[in-house]
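K.L.:
Below are the sequence and a predicted model; questions follow.
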Amino acid sequence: MARIAGRFRRVEPRAAARAFVLGLLSGVERKNCRRLAEQAGHARPGPMQRLLRSARWDADAARDDVRAYVFEHLRADDGVLIADETGFLKKGTASEGVQRQYTGTAGRIENSQVGVFVAYASSKGRALIGRRLYLPERAWCQDAERRTRAGVPDQAEFATKPALAGQMIEAALDAGISASWVTADEAYGQDPSLRALLESRRIGYVLAVACSTRVRINQGRTADRADAVADRLPASAWHRQSVGDGAKGPRYYDWAWIETGAYGHRHLLIRRNPTGGELAYYLCWSPRRVPLSELVRVAGTRWCIEECFQAAKGQVGLDHYQVRHWTAWHRHITLAMLALAFLTALAADATPTTTAQPNRPTRRTDQIDLTVPEIRHLLGALLNPPTMSPTLLHWSNWRRHHQATARRSHYRRRLAIE
């Protein structure tokens, strides 16, 4: 907390932020303002609500502190920047950026917000270092009244998700985050502007693309679809390599790569599932020649951001917020990113420098390395000893009173409409 203390102008919001982050690290089931205020011993949720909505502190500067903290603890030569999005399911239409849109969180079109994130991943661990709220163009960017109600600043303009990812990647590079590679899924790999940006910054990429993507082979003389190129590959073109260790051992796929430029720096990378035969395609570029194993490693790193989303939502309440304001959303997300970065740094510091070989049989006395969920569980037990809080009955009475007030308001509104 000392790293972000200078972002607060008064001691009260700084103390509230500390209690907020401690609550995110605790075993509280729902990490919203009410539960976190109860966890901190407050009589009302007001201090936590003010922290997110009206207190004077710079969440963007705190996010930059989180980014520097992550790089300090996870920096390694094999570092990769990963871009992806995640959805936050919502009810109603008042929450900033909400509309019916596809989200991978639900696997279908739902009423939701979408946040675009960038993660840093290395052999030491992975954590989120950038966040942007996606603002739909028609439903929000062109509706001035709706923007005002949700507190969307005037300078916030429409940007595609790949453009938001590019902004965060550029900000990370400008801040001194050194990474040789960027990877992302099809939604980002299909965008030529993002690829051009990375090439201009001399950052290699392995970006997933659709099977219909047209590539130029034969020294650039022939243009064809990626799936058509894959169909013509001989059996000798495929090489089985692992993309990393999973819970049940190395994850092996069959890989093939084809040069798509004249200088050996551009490739179409194809992944084949050895069980079902499904294919995935990647456009690759690097400022220098690299072996196939390096492209395979970067492609496999993309799943690290999915693990970040799972840990952030499951362990530190990334999606537990109940706010409808632009400022409050960014502040909650930033503090959740800080809590996740802290757990990741602890896990990295606790990991031995020499780890066991994945293919060596595990001895009965061996232990796996400390994980983020296990550290969060231990911290929760440390921060919350099993004692009966004197405020338990008070908060029960407060919740039931608040729910009764809300119910009366809903009934009045329904009767007035009818």
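P.N.:
Sure thing, it's come through. Note that the structure is a prediction, hence the values are computed from the model and not measured.
K.L.:
CA atoms for contacts and neighbours, from now on please.
P.N.:
Will do.
K.L.:
Report the buried residues of the longest strand along the chain.
P.N.:
If you go by DSSP state E, the chain has its longest strand at strand 108-122. For strand 108-122, a neighbour-count test (16 or more other C-alpha atoms under 10 Å) marks 110-122 as buried.
K.L.:
Which strands and helices lie in contact with the next helix or strand after that strand?
P.N.:
Next along the chain after strand 108-122, taking DSSP states H and E as the criterion, comes strand 125-133. Secondary-structure packing of strand 125-133 (3 or more C-alpha pairs under 8 Å, 6 or more residues apart in numbering; DSSP states H and E): helix 59-74, strand 108-122, helix 161-174, helix 304-315, helix 326-350.
K.L.:
Just the CA atoms of the next helix or strand after strand 125-133, as PDB, please.
P.N.:
On the C-terminal side of strand 125-133, the closest following helix or strand by DSSP H and E is helix 144-149. Only the C-alpha atoms of helix 144-149 are listed here, as PDB (Å, rounded to 0.1, in the frame of the first residue of the first chain):
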ATOM      1  CA  ALA A 144     -24.400  12.600 -24.400                       C
ATOM      2  CA  GLU A 145     -27.200  12.400 -21.700                       C
ATOM      3  CA  ARG A 146     -26.300   8.800 -21.000                       C
ATOM      4  CA  ARG A 147     -22.600   9.600 -20.800                       C
ATOM      5  CA  THR A 148     -23.300  12.400 -18.300                       C
ATOM      6  CA  ARG A 149     -25.400  10.200 -16.000                       C
END
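K.L.:
Let me see the mean pLDDT of helix 144-149.
P.N.:
Mean pLDDT, helix 144-149: 92.
K.L.:
what's residue 159 in contact with, if anything?
P.N.:
Residue 159 makes contact with 134, 135, according to C-alpha atoms under 8 Å, 6 or more residues apart in numbering.
K.L.:
State the distance from it to residue 136.
P.N.:
8 Å (C-alpha to C-alpha, to the nearest Å).
K.L.:
likewise residue 24?
P.N.:
29 Å.
K.L.:
Repeat that for residue 144.
P.N.:
Per C-alpha to C-alpha, residue 144 is found 13 Å from residue 136.
K.L.:
more crowded one of residue 24 and residue 136?
P.N.:
residue 24 (30 against 21; other C-alpha atoms under 10 Å).
K.L.:
Spit out the contact partners of that one.
P.N.:
Residue 24 neighbours (C-alpha under 8 Å, 6+ apart): 31, 36, 315, 316, 317, 336, 339.
K.L.:
For the fifth one, which non-adjacent residue is spatially closest?
P.N.:
On the basis of C-alpha to C-alpha, 6 or more residues apart in numbering, the spatially nearest residue to residue 317 that is not a chain neighbour turns out to be residue 31, at 5.4 Å.
K.L.:
Who is residue 109 paired with across the strands?
P.N.:
Applying DSSP bridges to residue 109 gives these bridge partners: residue 102.
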